[in-house]
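>>> Just the structure for this:
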Amino acid sequence: MNFRKNLSLIFCLSIFTIQAQTRLKPYDDYINQYAGIAIEQQKHYGIPASITLAQGLLESGAGKSDMAKQSNNHFGIKCHNDWKGETVTFFDDGMNSCFRKYHKVEDSFEDHSQFLVQGKRYAFLFKLNVSDYKGWAKGLMKAGYATDRTYAEKLIRIIETYDLNDYTKGKSAKPVKEKAIRKTRAERSAKKTAQKATAKGARMFNNDALKNAKDYNAIDFKPAEEVINPLATHEIKYMGTTPYIVAQYGDSFSSISEEFGISASRIRNLNEFPGDYKLTPGELIYLDKKSNWWEGEYPIHKVQAGDTMHSIAQQYGLQLKALYKLNNMNPEDSIKVGQKIKLRNPEQMSTIIKAMTEALNKQDSIK
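Predicted coordinates:
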C-alpha cells in the first residue's frame, strides 16, 4: 500500500506537474452563477464547495456541453437502477448510456450531493477534512467516479486556478444580479432568432472546406454545424490536463478571444499559429500552454498522409518545439508516411506509466 502511495506521489509530481493555467471567462461566469448553490450543498452535506464546482465545470464543460444543455445534468450522473426520473441517452465509454435528466440545474446539484452521500463507495471521503480538496479529488477517482485516469489532476488544477477552495473556507458567493439574468435571457432569445434566420441558408452551405481540414485521429468529435452563428459558444474539453475547444464555422481569433477572455495573439501563440492563419472548422484550439509530452496510453504516432509536425503536435496537445526535441529533429526536417513519431520519451516515462496504468486498471468504475 505504501509503495502505491509513493508511486502515485511520484507520478503526480513528475508527470502531471500543474502549470499556472489561464483563467477562462466561461469558467468564471459559471462559478459566479453556481458558487452559492455549491456553498449551500457543503453546509447541508459536507461536500466541499470546491469539489462540487470543479466537478460541475469539468463534467458540463462550464454548462456548455450537449448533456448539460439538454438535461441540466452538470455532473455526468448515469441513471442506475434506482433512478425514477426522466432520462437522456448519450454516447459514453464506448456505448450509448442512460443519464439522468433534471428540470433545472439546481436539481442536478442536489442529486449530485445525494449521489455521493448515499453511495457506500464514497463514504470514506466524508472522513477527510472538508478543505482537503486534493484528498477528495483523488478519492473520487479511486472510488470510480470517472474512468479518466487524469480526473483527479483535472479537478485539482481547476480548483487551484480558480481559487475554489476559498469558497470551501467561507468565501461568500457573488449574488447574481437581475440585470445579468435579463442579459442572459436576451442572449438566449437572440441566439434562437439567429439560428432560425440562418437555417435556410445553412442547407445550401458548401462544406468543401471540411475536405481540407487537418486529420485529428486522437479523439473523435462531431463535424461542426454548417451554420455561422455569431452567438455560438464552445464546450471546454481536455487533452490530458490542457483545455481546448473545437473550432466551429464562423469562428475567428477575435470571437474566441471575446468568448474566453484571452487575447487573440495569445491564442495564436498557444497554438503556434502564424499571424495570417485562418481557423478551420473541426480543428482543435488550445486555451492554455500545451504539454511537453503525450499523456495518453500510446507513445508513438504513425505518420499519415497530410500530416505535418504541427498537425501532430495539435492532435496530441504537444508543444511543437518539444515534439521536435523528442524525435531529435529540426524544423527543416521533413516527415514521410509510415514514419514513427515519438510522443514522449519511453526511457524516462514508460516504467511509471506502466505501473500507474496497471494500478488504475484494477479499480472499478460504475459512475
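>>> so what does the host helix or strand of Met141 touch, helix or strand wise?
In this assignment (DSSP states H and E), Met141 forms part of helix 133-142. Applying 3 or more CB pairs under 8 Å, 6 or more residues apart in numbering; DSSP states H and E, one finds that helix 133-142 contacts helix 49-60, helix 151-161. The C-beta positions use only the backbone N, C-alpha and C, and glycine is treated the same way.
>>> Point out the most buried one among those.
helix 49-60 (a mean of 27; mean count of other CB atoms under 10 Å).
>>> any idea of the angle that one forms with helix 151-161?
Put simply, helix 49-60 runs at 120 degrees to helix 151-161, going by axes from the mean of the first three to the mean of the last three CA atoms, to 10 degrees.
>>> what's the angle from helix 49-60 to helix 133-142?
Using the same axes, to 10 degrees: helix 49-60 against helix 133-142 is 40 degrees.
>>> CA-only coordinates of helix 49-60 in CSV, if you can.
As requested, the backbone C-alpha atoms of helix 49-60 are provided in CSV (Å, rounded to 0.1, in the frame of the first residue of the first chain):
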residue,chain,number,x,y,z
ALA,A,49,-17.9,23.6,-2.4
SER,A,50,-14.6,23.5,-4.3
ILE,A,51,-15.1,19.9,-5.4
THR,A,52,-18.8,20.5,-6.4
LEU,A,53,-17.8,23.5,-8.5
ALA,A,54,-14.8,21.8,-10.1
GLN,A,55,-16.8,18.7,-11.0
GLY,A,56,-19.6,20.8,-12.4
LEU,A,57,-17.2,22.8,-14.5
LEU,A,58,-15.4,19.7,-15.8
GLU,A,59,-18.4,17.4,-16.3
SER,A,60,-20.6,20.0,-18.0
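>>> Can you tell me what sits against it?
Under the criterion CB atoms under 8 Å, 6 or more residues apart in numbering, residues 27, 30-31, 34-35, 38-39, 41-42, 63, 65, 67-68, 73-76, 109, 112-113, 133, 136-137, 140, 154-155, 158-159, 162, 164-165, 167-168, 238 lie in contact with helix 49-60.
>>> Can you flag the buried ones in these?
Neighbour counting over those (16 or more other CB atoms under 10 Å) leaves 27, 30-31, 34-35, 38-39, 41-42, 63, 65, 67-68, 73-76, 109, 112-113, 133, 136-137, 140, 154-155, 158-159, 162, 164-165, 167-168, 238 as the buried ones.
>>> So which of those are in helices?
27, 30-31, 34-35, 38-39, 41-42, 67-68, 109, 112-113, 133, 136-137, 140, 154-155, 158-159, 165, 167-168 (DSSP state H).
>>> Could you tell me how far the helix holding Met141 lies from the centre of the chain?
Remark: helix 133-142 is offset 17 Å from the chain centroid, using CA atoms, centre = their mean, to the nearest Å.
>>> Ok, stretch 124-141 next?
That offset, for stretch 124-141, works out to 21 Å (CA atoms, centre = their mean).
>>> contacting residues around it?
Under CB under 8 Å, 6+ apart, the answer for stretch 124-141 is 8, 42, 46, 48, 50-51, 54-55, 116-117, 122, 143, 146, 148-149, 151-153, 155-156, 159, 164-165, 168-169.
>>> ditto for stretch 309-328
Contact with stretch 309-328 is made by 214-218, 239-240, 242, 244, 271-272, 283-284, 286, 289-296, 301, 303, 329-331, 333, 335, 341-345, as judged by CB under 8 Å, 6+ apart.
>>> can we see that at 7 Å?
214, 216-218, 239-240, 242, 244, 271-272, 283-284, 286, 290-294, 301, 330-331, 335, 341-345 (CB atoms under 7 Å, 6 or more residues apart in numbering).
>>> Alright, I will stop here.
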